[in-house]
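Trainee: what follows is a predicted protein model with its sequence.
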Amino acid sequence: YLTPDFSKIDAGSVLIALGHAFFSLSLGMGAMITYGSYIDRKENLFSATLSVVGLDTLIALMAGLAIFPAVFSLGFNPAGGPALLFNTIPAVFAQMPMGHALMVLFFTLTAFAATGALLSLIEVPVAVLHERLGWSRVRATWAAIVCMAVLGSLCALSFSTLGGVTLIGKNNIFDSFDFASSKILMPLAGLLTSLFVSRHWGKQAFVQANSNHGTLGNECLLGAVFWVLSTVSPILIGVIMYFGLMT
């Protein structure tokens, strides 16, 4: 885990990492844009972004240190994906004193964490239905909950009752949804967002919004960020998506 074999990295693995970064940071799904529209205009967006990315990366590394040693010591497949959480953790707790009680506590906290993540995702369709179509927030919330419950139930049943149903290739419903969202839709949305910011919104508006109209004194740094966003990001995302999907 701490001494990776870089010779194993190819376009497919980079695409997986790109999809994970988009998912982990809630990019390409409207959550950051929606929440960003609610915060105070005096907030330092650039500093807040660095804090979010830094803390997210730190927590991901800590989670890896907790999961992968147990994965290898117990003989699980390290490429098992999200299912590792439900395979590895129970096996670890089974070998500990009071393991059953600790496992119940762990998965209770996991449920709370998942609910918190759900709130950020559900706010996007609720905001669209409320602000664009004029629905009440209650009606929009219930409509989004029902749709997400149906799709979530299909994913949950893909490991049991609907295990034989495949959508993309030989992937079950859960893996197909994961592939379509993290490896196609979110990177594509990120690509289109970078093109929108660079081609439609423009450098001046971007710098003004992220420097709080010049009060933060970070215009030079934002100019470099805008160049990356307008030139480097679209090319890299496009190339990685192409070769990743081809392989």
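Mentor: Nice, thanks for sending it over. Residues are numbered from 1 along each chain as shown.
Trainee: which stretches of the protein have low pLDDT?
Mentor: Residue ranges of the chain with pLDDT under 70: 80-83, 244, 247.
Trainee: please enumerate the helices of it.
Mentor: Assigned by DSSP state H, the helices in the chain fall at 11-24, 31-36, 45-73, 83-94, 99-132, 137-157, 173-180, 186-195, 203-210, 219-227, 233-246.
Trainee: redo the ones you listed as JSON lines? Include mean neighbour count.
Mentor: For every residue, glycine as well, the C-beta is placed using N, CA and C. Formatted as JSON lines, those follow (neighbours: other Cβ atoms under 10 Å):
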{"stretch": "helix 11-24", "mean neighbour count": "17"}
{"stretch": "helix 31-36", "mean neighbour count": "16"}
{"stretch": "helix 45-73", "mean neighbour count": "13"}
{"stretch": "helix 83-94", "mean neighbour count": "16"}
{"stretch": "helix 99-132", "mean neighbour count": "14"}
{"stretch": "helix 137-157", "mean neighbour count": "14"}
{"stretch": "helix 173-180", "mean neighbour count": "19"}
{"stretch": "helix 186-195", "mean neighbour count": "18"}
{"stretch": "helix 203-210", "mean neighbour count": "15"}
{"stretch": "helix 219-227", "mean neighbour count": "14"}
{"stretch": "helix 233-246", "mean neighbour count": "15"}
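Trainee: for G190, give me its contacts.
Mentor: 22, 27-28, 233, 237 (Cβ atoms under 8 Å, 6 or more residues apart in numbering).
Trainee: nearest to S51, out of those: which one, please.
Mentor: L27 (15.5 Å; Cβ to Cβ).
Trainee: contacts only, for the closest one.
Mentor: So L27 contacts 21, 186, 189-190 (Cβ under 8 Å, 6+ apart).
Trainee: how about a cut-off of 6 Å?
Mentor: G190 (Cβ atoms under 6 Å, 6 or more residues apart in numbering).
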